[in-house]
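Asker: for reference, the sequence and a predicted model appear below.
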Amino acid sequence: MRQFIREALDAAALFIVVFAALYFSVQNIRIDGMSMYPTVISEQHIIVSKLAYVGLNPAALKRFIPFVEKSHSDGSLIVSQSPDYGDMIAFLYPEDPSREFVKRVIGLPGDYIEIDGGQVFRNGEPLDEPYVVNFDKRSFERTWVPPNSIYVLGDNRPVSSDSRSWGTVKDQFIIGRVWLSYWPSERIAFPHGPW
């Protein structure tokens with residue numbers, strides 16, 4: 001009987017560890033709308049990596065692993081990383097945090113974004129955006145991206161609600177980077193290229 005109880009407790013502990021690891025590392029999101037068409041479509045299911053913008057500080061690792069090279073460190077083991085240009089990210093909609101949006105990162109802190117006749121310019125340079133097939137010919141005034149924020153746009157520009165209408169997304173609203181599309185089955189894919 002003791003053996004059975006011990007095995008049951010071990011199984012329960014393992015279940016809790018696996019559940020916690022999944023809960024804190026990934027999130028399932030169902031796409032609602034066509035703002036990212038054709039990259040993702042309405043009703044498509046994706047998995048978002050919540051750890052994409054969190055990493056280990058190599059300098060702090062030096063305390064535990066001797067062969068890691070030294071560099072400047074504030075002593076913290078976990079460091080925050082920023083989204084990069086072109087990343088598809090999930091975030092809480094700034095005007096209604098109960099809703100989740102998926103868009104593409106266009107501007108990072110300190111960037112100037114301007115849209116002229118549908119052409120997006122970042123710091124005065126035109127962007128090549130092969131993932132956009134439906135362009136919006138409207139123009140938008142030059143916008144500065146403040147610290148701890150990003151500028152996002154949907155791939156399907158004419159129907160996308162994005163930074164053009166409600167501004168930048170603060171870091172605190174970012175859920176993570178799109179990692180995997182898993183439903184419908186014909187759209188199973190890991191994010192490659194412009195994803």
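Answerer: Cool, the structure landed.

Asker: just for this protein, where's the confidence low?
Answerer: Along the chain, the model assigns pLDDT under 70 to residues 8-26, 54-80, 184-195.

Asker: and the strands in this protein, which stretches?
Answerer: Taking DSSP state E, the strands of the chain run over residues 26-30, 45-49, 54-56, 78-80, 88-92, 100-107, 112-116, 119-122, 125-126, 140-144, 149-153, 169-170, 174-183.

Asker: so for residue 37, which of the ones you listed sits nearest?
Answerer: Checking those against residue 37 by CB to CB gives strand 100-107 as the closest, at 11.5 Å. Every residue, glycine included, has its C-beta placed from N, CA and C.

Asker: hmm, who's touching that closest one?
Answerer: Applying CB atoms under 8 Å, 6 or more residues apart in numbering, the contact partners of strand 100-107 are 29, 31, 35-36, 40, 46, 83-93, 113, 120, 122, 127, 131, 143, 145, 150-155, 160-163, 168, 175, 178.

Asker: the inter-axis angle of it versus strand 45-49?
Answerer: 60 degrees (axes from the mean of the first three to the mean of the last three CA atoms, to 10 degrees).

Asker: run the chain-centre distance for strand 100-107.
Answerer: Here the centre of strand 100-107 is set off from its chain's centre by 7 Å, with CA atoms, centre = their mean, to the nearest Å.

Asker: what angle do that strand and strand 174-183 make?
Answerer: Angle of strand 100-107 versus strand 174-183, following the same axes, to 10 degrees, is 110 degrees.
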